[in-house]
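have a look at this prediction, sequence included:
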Amino acid sequence: MIRIAARLPIFLVLVGAALLAVPIGPARAATHEVTIADFAFAPQELTITAGDTVTWTNEDAMVHTATSVNGAFDSGDLAQGASYSLTFSTPGTFDYLCTPHPSMTGRIVVLAAPTPTAAPSGELPNVALTGDNTGPPLRAIGGVLLVASALLVAREGALSGSLCRRRASRWPARSR
């Protein structure tokens, strides 16, 4: 029993630390930058995934826009230093231009977000824990286990000290 009690705090620390390492929340969408400088969009063509955000920033002294040719989006006038951000949720190709300077063109290619695939027939599905909808509860459990292990270590230290005093008081000192 003493061996198990001595190893329990170590086990709880390891399990708690592992649970705290679980990512919290789903994977985050990326943000991509398009710079407007020298009467050009850079990069001129950008490939992203649905759910990603693109931010255009005007570094020219002239006013520019990022306006979709099919009306999907329009930044309006962007003065020097101004930015415009848009999250693309639908896959497709979005050609755009600068309204005051129509020779300035760009393209955003939005790919479909990857979807989980079902396991082929006869194989077990992958049920490994991910950060989706499991992070916060697992992190809380990890924190509780770390606190519990600290309390157990403190309790064991207190008990071992009192246990030694009890044992010493039961046996008379040996004479040499």
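The structure has been received and is ready for your questions. Numbering: from 1, shown residues only.

now do the SS call for Val144.
Following DSSP: H, G, I helix; E, B strand; the rest coil, Val144 is assigned to helix.

ditto for Val147
Following three-state DSSP, the label given to Val147 is helix.

could you find the closest non-adjacent residue to Arg107?
Glu45 (4.5 Å; CB to CB, 6 or more residues apart in numbering). In short, each C-beta sits where N, CA and C put it, glycine included.

what's the answer for Ser75, then?
According to CB to CB, 6+ apart, the nearest residue to Ser75 is Tyr84 (3.6 Å).

measure that neighbour to Ala37 for me?
If you measure Tyr84 against Ala37 using CB to CB, to the nearest Å, the figure is 15 Å.

in terms of neighbours, single out the busier of those two.
Shown here are Tyr84 and Ala37; by other CB atoms under 10 Å, Tyr84 has more neighbours (20 against 12).

element containing the more buried one, please.
Under the criterion of DSSP states H and E, Tyr84 resides in strand 83-87.

circling back: mind pulling up the pLDDT for the residue nearest to Ser75?
Looking at Tyr84, its pLDDT stands at 98.

ditto for Leu145
Per-residue confidence (pLDDT) for Leu145: 65.

can you tell me the closest non-neighbouring residue to Pro91?
The shortest distance from Pro91 to any non-neighbouring residue, by CB to CB, 6+ apart, is to Ala112 (4.5 Å).

how many neighbours does the one you found have?
Number of residues near Ala112 (other CB under 10 Å) recorded here: 11.

so how far is Phe39 from it?
Between Ala112 and Phe39 the distance is 33 Å, computed by CB to CB.

got it, and Ala82?
As defined by CB to CB, Ala82 lies at a distance of 16 Å from Phe39.

these two: which has the busier surroundings?
Shown here are Ala82 and Phe39; by other CB under 10 Å, Ala82 has more neighbours (16 against 12).

ok, for the more buried one, nearest residue in space, not its chain neighbours?
Using CB to CB, 6+ apart, the nearest residue to Ala82 is Asn58, at 5.5 Å.

and that neighbour, bridged to which residues?
Bridge pairing for Asn58 (DSSP bridges) gives the partners Ile36.

what do you get for Ile108?
Leu46, Phe94.

that one is in contact with Thr90, isn't it?
No. If you go by CB atoms under 8 Å, Ile108 and Thr90 don't touch, sitting 11.1 Å apart.

those two: who's more crowded?
A side-by-side neighbour count of Ile108 and Thr90, using other CB under 10 Å, places Ile108 first with 25 against 10.

how near is the more buried one to Thr49?
Counting by CB to CB, the gap from Ile108 to Thr49 is 11 Å.

again, but for Asp38
Taken as CB to CB, the span from Asp38 to Thr49 is 28 Å.

many thanks, have a good one.
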